[in-house]
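Engineer: Sequence first, predicted coordinates after that:
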Amino acid sequence: MNWPSFAEIAESVRCGRVTALSLTERALTEIRQHDHATASFTRVLADQARAAAAAVDAQAAAGRDPGPLAGVPFGVKDLFDLAGLPTTAGARTRLTTAPAKRDAVAVQRLKAAGAVLVGTLNMDEFAYGFATVNAHFGTTRNPHDRQRLAGGSSGGSAAAVAAGLVPLSLGSDTNGSIRVPAALCGIWGLRPADGAISTEGVFPLAESLDTAGPFARSAADLERAFAVLAERPADPVATSQPRVKRLGGWFVRNATTEVLAALDLVAAHLGVIDIAPLESAEAARSASFLITAAEAGAQHAASLSRSALDYDPAVRDRLLAGTRLPAAILLRAQHFRGLYRAEVASLWRTADILIAPATPVVAPLIEAPSLMLDGKPAPARANLGLYTQPLSLAGMTVVAAPVAARTGLPVGLQFAAAPGREAMLFSLLRRLEQGGVLATRELDQS
Amino acid sequence: MTDSVEADDIAQAVAAFLAVEIPPLCQEGVRANLELLLTHARILAAWSAPPAENRR
């Protein structure tokens, strides 16, 4: 279904035109009637949601402002702590772990702003993959073509918003796990700058790279969610005419013609001619890969020593390999990271916003989950983050935005800005959305 | 990661790593993943910093 904007929902709830409870019932009905097609939700928290919605309505009835997200139903990737529930992180073995004592900070902030949690969302086990093919909880399917991947690891979060089950969800992004599924599902996703949104209470993959962020159906909604999650409005210092450059080299190598056409369309609209060199992008991707393997391996070493065979096989073997990575290689990757950040910082002297494809391909088929890299097939699970990983390592703010089109599968672009320059970024994105260049892909109802 | 790591924490971490065995069922998959990591390590080893003029 189509949801009104967050601003419209919150205002309607505040002044009593619509109740949060009715919006919650709509979301629960959507999930009940349609989620069998995408398998995005893992747990639906109907009673809890109804109680929370009633509390929001009570605030409004008492004349108090219930918040900037009042009545907005949302779901969370199943690695955010929720008080009273085990945090599965997509692993069957964790269904029997002790329940979390409190909500993750990001969840607390959405609830405090009046948003209503309706359930948890599917993911690659322990967030280690770009596919949301989960041996325990099933495969989340792309709402635009159910034979195709939704992307991952926050695939449930993206598919639920793309299918219109909820208008808002939370995911995590270590190497691209928000941007990849947002792009493949034709919606908006934000990977915040390092530290901009708290990851407290989020089950870690690789702590030095992990971030948490929202998915939404418009630039304005994404910005409003960011303001709540970061507990601050986007930086008010906005440049009216930001200097935009496109990333070349690594970021177009291996891209398909449909992805390149979408990039050219947006660049032409913006009048972007300059190509920013980021010569170390390939090495940055490799460093991300290595740091993630080492940190994730360390995170799971104790658990693997007890119960390796209980893991999703595709994830287990990656984690086990990470435990064997020599320290010298990790040290080299860490050393590179510092040098690379300096290289990226130099780009911001001549550019305010960098654009690049989010993925090299549109959503791959579930039955043939691969893509072509330099003429050779490579598994999608490990390689859909080809263009997202180098930007993660630099710690910048990146929005994955859907390029407007009526036909074909969704294509998403990355719009990156230096930390703290979110207002400028959102200003540009709103302008492109208003100009019809960027738009959430609506489902084909035919 | 905490800022102050206790000696016991280190001992536990080391013990956990030493205890990680590769079950026979997983050896092929782990080897493939280690080879992939080695590929990335080689890419990183071959990297050299861009010329300074490109970083201004």
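Structural biologist: Arrived safely, thanks for sending.
Engineer: which residues are contacting the longest helix seen in chain B?
Structural biologist: Selection of the longest helix in chain B by residue count, based on DSSP state H, yields helix B:27-46. The contact list for helix B:27-46, computed with Cβ atoms under 8 Å, 6 or more residues apart in numbering or on different chains, reads A:282-283, A:285-287, A:289-290, A:293, A:313-314, A:316-318, A:320-322, A:324-325, A:329, A:332-333, A:336, A:382, B:22. All C-beta atoms are positioned from the backbone trio N, CA, C, and that covers glycine.
Engineer: Please list all residues in contact with the closest residue to residue A:105 other than its chain neighbours.
Structural biologist: Closest residue to residue A:105 apart from its sequence neighbours, by Cβ to Cβ, 6 or more residues apart in numbering or on different chains: residue A:198 at 3.9 Å. Residues near residue A:198 by Cβ under 8 Å, 6+ apart: A:104, A:105, A:106, A:109, A:212.
Engineer: Give me the three-state assignment for residue A:198.
Structural biologist: For residue A:198, the assignment made with DSSP: H, G, I helix; E, B strand; the rest coil gives coil.
Engineer: among the helices and strands of chain B, which has the poorest mean pLDDT?
Structural biologist: helix B:7-19 (a mean of 70; mean pLDDT, DSSP states H and E).
Engineer: Helices along chain A, start to end?
Structural biologist: Applying DSSP H to chain A gives helices spanning A:6-14, A:20-38, A:46-61, A:105-112, A:155-162, A:179-185, A:219-230, A:257-270, A:281-307, A:313-323, A:327-347, A:380-383, A:389-393, A:422-434.
Engineer: Report the residue spans of chain B with pLDDT below the cut-off.
Structural biologist: By pLDDT under 70, the low-scoring segments of chain B are B:1-7, B:10, B:13-14, B:17, B:51-56.
Engineer: Kindly report the same for the stretch 201-350 of chain A.
Structural biologist: Ranges of the stretch 201-350 of chain A meeting pLDDT under 70: A:234-240.
Engineer: The closest residue to residue A:52 other than its chain neighbours pairs with what?
Structural biologist: Excluding its sequence neighbours, the residue lying closest to residue A:52 (Cβ to Cβ, 6+ apart) is residue A:116, at 4.9 Å. In this entry, residue A:116 is beta-bridged to residue A:73, by DSSP bridges.
Engineer: mind checking pLDDT for residue A:116?
Structural biologist: Residue A:116 carries a pLDDT score of 98 in this model.
Engineer: Distance check, it against residue A:30.
Structural biologist: Here the criterion is Cβ to Cβ, to the nearest Å. By it, residue A:116 lies 14 Å from residue A:30.
Engineer: again with residue A:73
Structural biologist: 9 Å.
Engineer: list the residues that contact both of those two?
Structural biologist: Common contacts of residue A:73 and residue A:30 (Cβ under 8 Å, 6+ apart): residue A:166.
Engineer: picking up where we left off before, just the buried subset of the contacts of helix B:27-46, please.
Structural biologist: Buried members of the contacts of helix B:27-46, scored by 16 or more other Cβ atoms under 10 Å in any protein chain shown, are A:282-283, A:285-287, A:289-290, A:293, A:314, A:316-318, A:320-322, A:324-325, A:329, A:332-333, A:336, A:382, B:22.
Engineer: Which members of the contacts of residue A:198 are the farthest-apart pair?
Structural biologist: For these, the farthest-apart pair by Cβ to Cβ is A:109 and A:212; their separation is 10.4 Å.
Engineer: Which one's more surrounded, the two?
Structural biologist: residue A:212 (29 against 20; other Cβ atoms under 10 Å in any protein chain shown).
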